[in-house]
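> below are the sequence and a predicted model; questions follow.
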Amino acid sequence: MDESVLSPHVYTQQADSVAFHLLGRRLVRYTSEGVLAGLITETEAYLPDGDPANHASRGETPRNASMFLAGGHWYVYLVYGVHYCLNLVTGREQSGEAVLIRGVSPTHGHEHIRANRPNVAPRDLTNGPAKLTKAFAIDTDWDGTFLADSSLTITETDTHPPNEEIHTTDRVGISKARDRFLRYVWVGSPQY
């Protein structure tokens, strides 16, 4: 793949802006068996101040320490003791904000992705945060790593969707501040 790593001007912005701009960029994981990649189709922002659904809202803990790094680091956590969620830290150091990568449309490494999620319909391989991390074999080993120096990164593409294909909705899978329209979905993507 000859795409360049995501430019710092993107991930140094506030989470809601980054969540919008990540749509159509490519999530890439380099492995010894090849490249796994997919266009980002769904994101969810967790804002730095006054967002009770944000893991950083109550201050720094061992679990959320990566959220307080400068934008461009990965924050990966375990939910319900079984599923991993992948977030890109955004903003300045100590701001405590991130974007959850909720879904991708696979473009490379289909065989490996399917092997990681056997007996699943193609549409359901990576259309949720836990499905995505399982398909890409992502776990907390990437927590705190910098995307530009990692085998897990985001690259620039020429496929940013037109604004009319991006829908904002309330966030899902949370109990606090659900009504905030901070979920971004590329409805015109191959996945939807």
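That came through fine. Numbering: from 1, shown residues only.
> which stretches of this structure form helices?
Listed in chain order, the helices found in the chain under DSSP state H are 8-11, 15-22, 110-116, 129-135.
> need those helices in JSON lines with distance to residue 77 and mean pLDDT, can you?
(Each C-beta comes from the backbone N, C-alpha and C, glycine too.) Shown next, in JSON lines, are the helices of the chain (distance: least, C-beta to C-beta, whole Å; pLDDT from 0 to 100):
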{"stretch": "helix 8-11", "distance to residue 77": "18", "mean pLDDT": "94"}
{"stretch": "helix 15-22", "distance to residue 77": "16", "mean pLDDT": "96"}
{"stretch": "helix 110-116", "distance to residue 77": "19", "mean pLDDT": "96"}
{"stretch": "helix 129-135", "distance to residue 77": "10", "mean pLDDT": "97"}
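> tell me the contacts of residue 145?
Contact analysis of residue 145 by C-beta atoms under 8 Å, 6 or more residues apart in numbering lists 73, 74, 152.
> surely the second one and residue 142 touch.
Read that as residue 74. Yes: Residue 74 lies in contact with residue 142 (C-beta atoms under 8 Å); the separation is 4.7 Å.
> more neighbours, those two?
Neighbours were counted for residue 74 and for residue 142 using other C-beta atoms under 10 Å; residue 74 has more, 25 against 21.
> so the more buried one bridges to which residues?
Per DSSP bridges, the residues bridged to residue 74 are residue 88.
> one step back: which one, of the helices of the chain, ends up nearest to residue 182?
Across the helices of the chain, residue 182 has its closest neighbour in helix 15-22 (5.9 Å, C-beta to C-beta).
> what separates that closest one from the chain centre, distance-wise?
Computed by C-alpha atoms, centre = their mean, to the nearest Å, the chain-centroid distance of helix 15-22 equals 10 Å.
> can you list the neighbours in contact with it?
10-11, 13, 40, 43-48, 71, 88, 90-91, 97-99, 101, 154, 160, 166, 182-184.
> confidence score at residue 88?
Looking at residue 88, its pLDDT stands at 98.
> tally up the residues packed near it, please.
When counting by other C-beta under 10 Å, one arrives at 26 neighbours for residue 88.
> on that earlier part again, figure out which of the helices of the chain is closest to residue 52.
Judged by C-beta to C-beta, the one of the helices of the chain that comes nearest to residue 52 is helix 15-22, at 14.5 Å.
> return the alpha-carbon coordinates of the closest one using PDB.
Provided in PDB are the C-alpha atoms of helix 15-22 (Å, rounded to 0.1, in the frame of the first residue of the first chain):
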ATOM      1  CA  ALA A  15     -12.800  14.300  18.800                       C
ATOM      2  CA  ASP A  16     -16.000  15.300  17.000                       C
ATOM      3  CA  SER A  17     -14.000  16.900  14.100                       C
ATOM      4  CA  VAL A  18     -11.700  13.900  13.900                       C
ATOM      5  CA  ALA A  19     -14.700  11.400  14.000                       C
ATOM      6  CA  PHE A  20     -16.100  13.100  10.900                       C
ATOM      7  CA  HIS A  21     -12.700  13.300   9.000                       C
ATOM      8  CA  LEU A  22     -11.800   9.600   9.700                       C
END
